[in-house]
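Enquirer: I'd like to go over a predicted model; first the sequence, then the structure.
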Amino acid sequence: MPDIQENQCSMTPCGELIGGLEGASARTLRCGGRLLSLEKPVVMGILNVTEDSFYAKSRCQSSRKIAKRIRQVLEEGGVILDIGACSTRPGSVPPTPEKEYKALRKACEIARKMVPTLPLSIDTYRAEVAERLLDEFGVEMINDISGGLLDPRMFEVIAKYRVAYVLTHIQGTPSDMQKNPHYDNVVQEVAQFFTERVTLLRERGVADIILDPGFGFGKDIDHNYTLLRNLSAFAMLELPILAGLSRKSMIYRLLDTDAEGALEGTQTLNTLALANGAAVLRVHDVRPAVQAVKLFCRYAKQRCL
């Protein structure tokens, strides 16, 4: 790995990090020893260190490309870096846990050298992988696309480290989730899932939970748009909501394009997600998402004081 020290960034995340841990709520999120304000929506930039993520241009495997992507996320206004090394696109074949860990470790090491204050989120559903990175790097967040269903130890690990946790809804597994997904009422069923899983996390003492309805994870296009239209229904749990819509098939299939041609559509849906209560946008394209937040906050400034 080349020496990254010479490229160390002097930048800091644009989200407001405030001292102390008292008063954590739907408007704040613990990031290590500090609180991240969510009074204004924030942008989570994706760093894919996979070989086969669905959006080919997002893949970064060399140290140089990883460092370049980290710098880009910071310069464009990203507040959280979400690092993934296991593609969860429909039908994907996961890497071994050791291969996933090594790729994530490499990215974490570079990120910590470049911007030690940048909150790191690890996109994994494997408790073993999460625990090793929590031990080594003190990562601030675990983003689990399975809501703890694919690894029963995940909630135990989250509770042990008192780390922020993205609780995502999924029906099935990445290998079969898009084979005729069915719901009687998708909003009610996702809400019930959240209620049950949040209760389990609370019983274990987990305080910082973000809700992700899991667009594309065991949902057809109608399910996805119904969830987007009713995103505010999940506000009853008084927890931040994350929208992960970036360049997904629910956009590009309707627009008769592909992931590469889905930026404009992503912007449209990100804006709708903000209007319906999203506090975090998880995106490939950070600058456009930051611009969407700025414009939305000007439009609805009573909600972005």
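Expert: Perfect, I can see it now.
Enquirer: helices of the stretch 201-305 of the chain, start to end?
Expert: Along the stretch 201-305 of the chain, counting by DSSP state H, counting those that start in this stretch, helices occupy 221-229, 249-252, 263-275, 286-299.
Enquirer: highest average neighbour count across these?
Expert: Greatest average neighbour count among the helices of the stretch 201-305 of the chain goes to helix 249-252 (a mean of 21), per mean count of other CB atoms under 10 Å. Where C-beta positions appear, they are placed from N, C-alpha and C, glycine not excepted.
Enquirer: mean confidence score for that helix?
Expert: Averaging pLDDT along helix 249-252 yields 94.
Enquirer: and for stretch 290-305?
Expert: On average, the pLDDT along stretch 290-305 is 85.
Enquirer: starting at the chain centroid, how far to that stretch?
Expert: Here stretch 290-305 is found 20 Å from its chain centre; the criterion is CA atoms, centre = their mean, to the nearest Å.
Enquirer: can I get that stretch in CSV? Just the C-alpha atoms.
Expert: Output in CSV follows, covering the C-alpha atoms of stretch 290-305 (Å, rounded to 0.1, in the frame of the first residue of the first chain):
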residue,chain,number,x,y,z
VAL,A,290,-25.7,18.0,-1.0
GLN,A,291,-27.2,20.5,-3.4
ALA,A,292,-30.6,18.8,-3.1
VAL,A,293,-30.4,19.1,0.7
LYS,A,294,-29.4,22.8,0.4
LEU,A,295,-32.3,23.6,-1.9
PHE,A,296,-34.8,21.5,0.1
CYS,A,297,-33.8,23.3,3.3
ARG,A,298,-34.3,26.7,1.7
TYR,A,299,-37.7,25.5,0.4
ALA,A,300,-38.8,24.0,3.8
LYS,A,301,-36.6,26.0,6.1
GLN,A,302,-38.9,25.5,9.1
ARG,A,303,-37.7,21.8,9.0
CYS,A,304,-34.0,22.6,8.6
LEU,A,305,-33.3,25.3,11.2
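Enquirer: show me what it is in contact with.
Expert: With contacts defined as CB atoms under 8 Å, 6 or more residues apart in numbering, stretch 290-305 is touched by 14, 39-43, 76-78, 267, 270-271, 274-275, 281.
Enquirer: how far away is Asp222 from Pro181?
Expert: Between Asp222 and Pro181 the computed distance is 10 Å (CB to CB, to the nearest Å).
Enquirer: now the lengthiest strand in the chain against helix 263-275, angle please.
Expert: Longest strand in the chain by number of residues (criterion: DSSP state E): strand 42-48. Strand 42-48 and helix 263-275 are oriented at 140 degrees to each other (axes from the mean of the first three to the mean of the last three CA atoms, to 10 degrees).
Enquirer: so what secondary structure elements neighbour strand 42-48?
Expert: The elements that strand 42-48 packs onto, with contact taken as 3 or more CB pairs under 8 Å, 6 or more residues apart in numbering; DSSP states H and E, are helix 63-75, strand 80-84, strand 280-283, helix 286-299.
Enquirer: contacts only, for Asp82.
Expert: Asp82 touches Met44, Gly45, Ile46, Leu47, Ser121, Ile122, Asp123, Met141, Asn143, Arg282, counting by CB under 8 Å, 6+ apart.
Enquirer: ditto for Ser232
Expert: Asn276, Gly277.
Enquirer: show me what secondary structure element comes after the host helix or strand of Ala103.
Expert: Assigned by DSSP states H and E, Ala103 belongs to helix 97-114. Heading C-terminal from helix 97-114, the first helix or strand you meet, by DSSP H and E, is strand 120-123.
Enquirer: so for that next one, mean pLDDT?
Expert: Here the average pLDDT along strand 120-123 is 96.
Enquirer: alpha carbons of the next helix or strand after it, in PDB - could you do that?
Expert: Remark: after strand 120-123, the chain's next helix or strand is helix 127-137, criterion DSSP H and E. Taking Å, rounded to 0.1, in the frame of the first residue of the first chain, the C-alpha atoms of helix 127-137 are listed here in PDB:
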ATOM      1  CA  ALA A 127     -21.100  -9.800  12.900                       C
ATOM      2  CA  GLU A 128     -17.500 -11.200  12.800                       C
ATOM      3  CA  VAL A 129     -16.400  -8.700  10.200                       C
ATOM      4  CA  ALA A 130     -18.100  -5.800  12.000                       C
ATOM      5  CA  GLU A 131     -16.500  -6.800  15.300                       C
ATOM      6  CA  ARG A 132     -13.000  -7.000  13.900                       C
ATOM      7  CA  LEU A 133     -13.300  -3.500  12.400                       C
ATOM      8  CA  LEU A 134     -14.800  -2.100  15.600                       C
ATOM      9  CA  ASP A 135     -11.900  -3.500  17.600                       C
ATOM     10  CA  GLU A 136      -9.200  -2.200  15.200                       C
ATOM     11  CA  PHE A 137     -10.600   1.100  14.000                       C
END
